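>>> Take a look and give me a structure for this.
(one chain, ligands or ions: 2)
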Amino acid sequence: MGRRLTFEIFRYNPSESGTPPRIQAFDLEETPGMNIFVALTRIRERQDPSLKFDFVCRTALCGSCGMVINGRPRLACKTFTRDLPCRITLFPLPVFKLLGDLSVDTGAWFRRLSLRTGAWLHTSRAFEFRVPEERMDNATTFRIYEAERCIECGCCIAACAKVHIQPDFIGAAGINRLARFMLDPRDERGEARFFEVLGTENGIFGCLGLMGCEDNCPKDLPLQLQLAYVRRMMARAGLAGNGSRGDGPGRG
Ligand code: SF4
Ligand code: FES
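Ligands and ions are numbered 1, 2, ... in the order given. Sure, this is the predicted structure:
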């Protein structure tokens, strides 16, 4: 017989304007290997089919299942009930548009971020599929890969105190995304163009250094290292008058 768990879950449907938000409690018996995703699925199947929450991959890869679990932003599919007390509170991630109960629209936020930061490779070279791919040195590839591991779950944004008081702050996810292109030797944007976005109050100067992002990233991205890299590149560019691409996070 497993532990008796009590889930206290935020319930609210924004399209039903007459019904105020509330907390609803559900009891569930814990089973071996249970994670929050499994628990929510069981609650929906056996107790309340109207409960809204998101998931796709169930393996911490798609970034859909971010929610606030016992006060911390986490992935539901990666959080096991055995690591939590018997009373578990679940809230939707703040900052993002609430779709209902635990479901939020992180996609719209990250799409806006991509458009604001130009989060794609900027090159004047036409793609030629007959030409063999160019090799990139392993060290650069690794550093780009580190930044690319972001699954856009939004946990770092939800945990960022600055985003709560300054909604246009691009946060660690945005700075990490731009660092990825600064590192890429194929990107033809100069530092000046990167710094148009990064060198503002909504960019690197907006960071208060509270570390909520890195402490809550379920993929353990080295977000503070990326911030430090961008700061170093800006300082170097400022001192040199124009700047150079630099060596990337963890170096220089
Ligand atoms: Fe999620 Fe980490 Fe990416 Fe932030 S940096 S969106 S916490 S994976
Ligand atoms: Fe994909 Fe949790 S369901 S990250």
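>>> Ligand 2 contacts on the chain?
Applying Cβ under 6 Å from any ligand atom, one finds that the chain approaches ligand 2 through 55-58, 60-65, 75, 77. Bear in mind the C-beta positions are built from the backbone N, C-alpha and C, glycine included.
>>> Please pick the buried ones from the residues you listed.
Buried positions within the residues of the chain next to ligand 2, assessed by neighbour count (16 or more other Cβ atoms under 10 Å), are 55, 58, 60, 62-65, 75, 77.
>>> ok, back up a step: tell me which of the residues of the chain next to ligand 2 is nearest to ligand 1?
For ligand 1, the nearest member of the residues of the chain next to ligand 2 is Gly63. The distance, counting by Cβ to the nearest ligand atom, is 6.1 Å.
>>> give the contact list for that closest one.
The contact partners of Gly63, taken as Cβ atoms under 8 Å, 6 or more residues apart in numbering, are 75, 106, 151-154.
>>> Which ones, among those residues, also lie beside ligand 1?
Checking these against ligand 1 (Cβ under 6 Å from any ligand atom), the matches are 151-154.
>>> how many neighbours does Gly71 have?
For Gly71, the count of nearby residues is 8 (other Cβ atoms under 10 Å).
>>> so how far is Glu16 from it?
27 Å (Cβ to Cβ, to the nearest Å).
>>> Name the residues that touch the helix or strand where Leu90 lies?
Leu90 is part of strand 87-91 when elements are defined by DSSP states H and E. Strand 87-91 is contacted from outside by 5-10, 23, 36, 39-40, 67-71, 81, 102, using Cβ under 8 Å, 6+ apart.
>>> Mark which of these are part of helices, please.
Those of the contacts of strand 87-91 mapping onto helices are 36, 39-40, per DSSP state H.
>>> CA-only coordinates of stretch 125-132 in CSV, if you can.
Included here for stretch 125-132 are C-alpha records, laid out as CSV according to Å, rounded to 0.1, in the frame of the first residue of the first chain:
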residue,chain,number,x,y,z
ARG,A,125,25.2,32.6,-48.0
ALA,A,126,22.6,30.7,-50.0
PHE,A,127,22.0,27.1,-49.0
GLU,A,128,23.5,24.7,-51.5
PHE,A,129,22.4,21.1,-50.9
ARG,A,130,25.0,19.6,-53.3
VAL,A,131,27.9,21.0,-51.4
PRO,A,132,29.2,18.9,-48.5
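>>> pLDDT on it, on average?
Average pLDDT, stretch 125-132: 89.
>>> how far away is the residue sitting nearest the centre point of the chain from Thr117?
Taking Cα atoms, centre = their mean as the criterion, Gly154 is the residue nearest the geometric centre of the chain, at 3.2 Å. Distance, Gly154 to Thr117, by Cβ to Cβ: 16 Å.
>>> avg pLDDT for the longest helix seen in the chain?
As assigned by DSSP H, the longest helix anywhere in the chain is helix 223-240. Across helix 223-240, pLDDT averages out at 89.
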